[in-house]
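S.K.: sequence unknown, structure follows:
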């Protein structure tokens, strides 16, 4: 016990030593938003509620775009393979692309308000105008998904993104014209103009790419989709080009003044708190969307209850029993994926761009789980082959959500893990193996269900239901199973190195 307490104390001391470098944005904002500023500029206010509102709105907009995909009208006279080709070939691909673009707008919002730490009424209204245009993105997405070859949807989508970029640029110009809204380090620096130009260059890259995509739509709409895909990975492409430049020409020293202005540097970490808030919003909305299908499709009409069930509502609801069980299983899947995400970010100290991208990809698959619910429980199945395809598609969605969570943890371990993770879950930490098992559980179970559905086609749906039912119990017993496995491995290792045996 004494040794464990010493380890915990050492970990706490290490955390305290690194605290100035990893202090959360929200804590720093609270320190900056002090009484002196309020007295000098009575019209300013804390940006905390504005950021919370923006995060909630953006997570909702990013997630509800799955509804046009999940509620696609399936043709009864076609096999599920053809229907899945329609979903996966057009609507799902456009959903994934648009989801990632919305999360890019959210990431830009994070970085913008790492620079602007106080707001006034004008800035709040400009932010609301930006949010209003973001709420139009699901409609433009629906047009693009339904008419992928028609340029109108592309033009409307690109137009919204361009205007959003213009409004964000207006926010930058307005904030720099009133330095008391800016971060203290920037306000005290003499090169504010350089910082302003740097921010504008970063913010206007995405609107410029969308402008080019809109022009290309008149000649080759496929090229427009390629350009919009490039937009998603533009920050990582820029960082890759800088890495190539350093390898070819040698590393360049960073300007100390520019390092102080870190919010728009490629290596600057994201706000961990806002990453958690956005992720929690996505998980909460997905869990809520599941019950909407129950409310919409599993409430019988009074006339039907009277005619088919002699007025017995209990008998009518009993026929929906499998759908209710499917709802509880799907909700448990979403909830446990959130639990794994919560366990991971509980030990994360800094969220890098690579971690942010992997987390976004995980959330994109989570956003597709309402589609998995409909595929496995509500869509028509004309043949056994269709049933197997539906289950396999659902397994792919669950696997993607879990494997990118695991990849986020691996990305945090690599590189400077001392600054990114707490000592408990690093290599050699007391919780390292347990965290690995917790994050690898859903990818392993989903992959196993996928392979079993290939071999045992007659029991595809049963296998998927068992996966949903067994996994929560596996989470409850996970720590015990990890301890048993580690104990067995230690005993085997001790036996193999026993000098009497050798």
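M.R.: Okay, I see it. Just so we're clear, the structure is a prediction, and the values are computed from it rather than from any experiment.
S.K.: Go ahead and name everything in contact with stretch 118-134.
M.R.: Stretch 118-134 is touched from outside by 32-33, 37, 41, 43-47, 50, 53-54, 57-58, 61, 102, 105, 116, 160, 163-164, 167-168, 170-171, 174-175, 178, 180-181, with contacts defined as Cβ atoms under 8 Å, 6 or more residues apart in numbering. In short, each C-beta sits where N, CA and C put it, glycine included.
S.K.: Restricted to helices, list these.
M.R.: Those of the contacts of stretch 118-134 mapping onto helices are 32, 37, 50, 53-54, 57-58, 61, 102, 105, 160, 163-164, 167-168, 170-171, 174-175, per DSSP state H.
S.K.: okay but residue 402 is in contact with residue 443, surely?
M.R.: Yes: using Cβ atoms under 8 Å, residue 402 is in contact with residue 443, at 4.1 Å.
S.K.: quick one: which of the two has more around it?
M.R.: Higher neighbour count among residue 402 and residue 443: residue 402, with 27 against 19, using other Cβ atoms under 10 Å.
S.K.: what sits against the more buried one?
M.R.: 337, 340, 362, 439, 440, 441, 442, 443, 446 are the contacts of residue 402 under Cβ under 8 Å, 6+ apart.
S.K.: what's the neighbour count on the fourth one?
M.R.: It stands for residue 439. Residue 439 has 22 neighbouring residues, counting by other Cβ under 10 Å.
S.K.: where's residue 289 relative to residue 461, distance?
M.R.: 21 Å (Cβ to Cβ, to the nearest Å).
S.K.: nearest to residue 186, of the contacts of residue 402?
M.R.: residue 362 (33.1 Å; Cβ to Cβ).
S.K.: Can you check the pLDDT for that closest one?
M.R.: According to the prediction, residue 362 has pLDDT 91.
S.K.: and if you look at residue 258?
M.R.: 43.
S.K.: How about residue 438?
M.R.: The model's pLDDT for residue 438 equals 87.
S.K.: go on, residue 233?
M.R.: 73.
S.K.: What's the local residue count around it?
M.R.: Neighbours around residue 233, by other Cβ under 10 Å: 14.
S.K.: Next: residue 127.
M.R.: Using other Cβ under 10 Å, residue 127 is surrounded by 23 other residues.
S.K.: Only the buried subset of the ones in helices among the contacts of stretch 118-134, as a ChimeraX command please.
M.R.: Applying 16 or more other Cβ atoms under 10 Å to these, the buried members can be selected in ChimeraX as follows:
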select :32,37,50,54,57,58,61,102,105,160,164,167,168,171,175
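S.K.: list the helices and strands the helix ranked longest in the chain packs on?
M.R.: Longest helix in the chain by number of residues (criterion: DSSP H): helix 460-496. Counting contacts by 3 or more Cβ pairs under 8 Å, 6 or more residues apart in numbering; DSSP states H and E, helix 460-496 packs against helix 321-346, helix 384-413, helix 432-455.
S.K.: give me that answer again for 10 Å
M.R.: Judged by 3 or more Cβ pairs under 10 Å, 6 or more residues apart in numbering; DSSP states H and E, helix 460-496 is in contact with helix 321-346, helix 369-377, helix 384-413, helix 432-455.
S.K.: residue contacts, residue 410?
M.R.: 355, 358, 436, 439 (Cβ atoms under 10 Å, 6 or more residues apart in numbering).
S.K.: Show me the shaky parts of the stretch 101-250 of the chain.
M.R.: Applying pLDDT under 70 to the stretch 101-250 of the chain flags the ranges 190, 235-236, 246, 250.
S.K.: now the helices for it?
M.R.: 121-135, 137-146, 151-177, 184-187, 192-203, 205-216, 221-232, 234-249 (DSSP state H, counting those that start in this stretch).
S.K.: and residue 346, which of these is closest to it?
M.R.: Using Cβ to Cβ, the nearest of the helices of the stretch 101-250 of the chain to residue 346 is helix 234-249, at 26.3 Å.
S.K.: Give me the domain ranges for this protein.
M.R.: 18-260, 272-496 (automatic domain parsing).
S.K.: Distance check, the closest residue to residue 98 other than its chain neighbours against residue 426.
M.R.: In this structure, residue 98 finds its nearest non-sequential neighbour in residue 141, 4.6 Å apart by Cβ to Cβ, 6 or more residues apart in numbering. Remark: distance between residue 141 and residue 426 (Cβ to Cβ) = 40 Å.
S.K.: closest to residue 65 out of the helices of the stretch 101-250 of the chain?
M.R.: Of the helices of the stretch 101-250 of the chain, the one closest to residue 65 (Cβ to Cβ) turns out to be helix 137-146, at 4.9 Å.
S.K.: Can you give me the buried ones in the closest one?
M.R.: Neighbour-count burial for helix 137-146 [16+ other Cβ under 10 Å]: 137, 138, 140, 141, 142, 143, 144, 145.
S.K.: now, among those residues, which is nearest to residue 451?
M.R.: Distance ranking of those against residue 451, using Cβ to Cβ, places residue 145 first at 31.0 Å.
S.K.: circling back: what angle separates the longest helix of the chain from helix 369-377?
M.R.: 110 degrees (axes from the mean of the first three to the mean of the last three Cα atoms, to 10 degrees).
S.K.: Give me the angle between helix 460-496 and helix 321-346.
M.R.: Using the same axes, to 10 degrees: helix 460-496 against helix 321-346 is 40 degrees.
S.K.: what angle separates helix 460-496 from helix 432-455?
M.R.: Using the same axes, to 10 degrees: helix 460-496 against helix 432-455 is 140 degrees.
S.K.: Distance from the chain centre to helix 460-496, please.
M.R.: In terms of Cα atoms, centre = their mean, to the nearest Å, the centre of helix 460-496 is set 27 Å apart from its chain centre.
S.K.: same deal with stretch 427-435?
M.R.: 24 Å.
S.K.: ok, and for that stretch, which residues are buried?
M.R.: Per 16+ other Cβ under 10 Å, stretch 427-435 contains these buried residues: 429, 431, 432, 433, 434, 435.
S.K.: Nearest to residue 109 among those?
M.R.: residue 435 (29.9 Å).
S.K.: Hmm, the closest one is touching residue 341, no?
M.R.: No: Residue 435 lies out of contact with residue 341 (Cβ atoms under 10 Å); the separation is 12.0 Å.
S.K.: just to revisit the earlier point, which one of the helices of the stretch 101-250 of the chain lies nearest to residue 368?
M.R.: Residue 368 lies closest to helix 137-146 among the helices of the stretch 101-250 of the chain, at 13.4 Å (Cβ to Cβ).
S.K.: Who are the packing partners of the closest one?
M.R.: Contact here means 3+ Cβ pairs under 10 Å, 6+ apart; on that basis helix 137-146 packs against helix 48-64, helix 67-70, helix 92-115, helix 151-177, helix 221-232.
S.K.: Tabulate the ones you listed in CSV, adding columns for distance to residue 470.
M.R.: Formatted as CSV, the helices and strands packed on helix 137-146 follow (distance: least, Cβ to Cβ, whole Å):
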stretch, distance to residue 470
helix 48-64, 27
helix 67-70, 25
helix 92-115, 28
helix 151-177, 42
helix 221-232, 36
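S.K.: Among these, which comes closest to residue 214?
M.R.: helix 151-177 (4.0 Å).
S.K.: The closest one vs helix 205-216, what angle?
M.R.: Going by the same axes, to 10 degrees, helix 151-177 makes 150 degrees with helix 205-216.
S.K.: Tell me what angle helix 151-177 forms with helix 92-115.
M.R.: 10 degrees.
S.K.: If you count contacts, what does helix 151-177 end up packed against?
M.R.: The contact analysis (3+ Cβ pairs under 10 Å, 6+ apart) places helix 151-177 against helix 92-115, strand 118-119, helix 121-135, helix 137-146, helix 184-187, helix 192-203, helix 205-216, helix 221-232.
S.K.: Identify, out of those, the most deeply packed stretch.
M.R.: Ranked by mean neighbour count, the helices and strands packed on helix 151-177 are led by strand 118-119 with a mean of 24 (mean count of other Cβ atoms under 10 Å).
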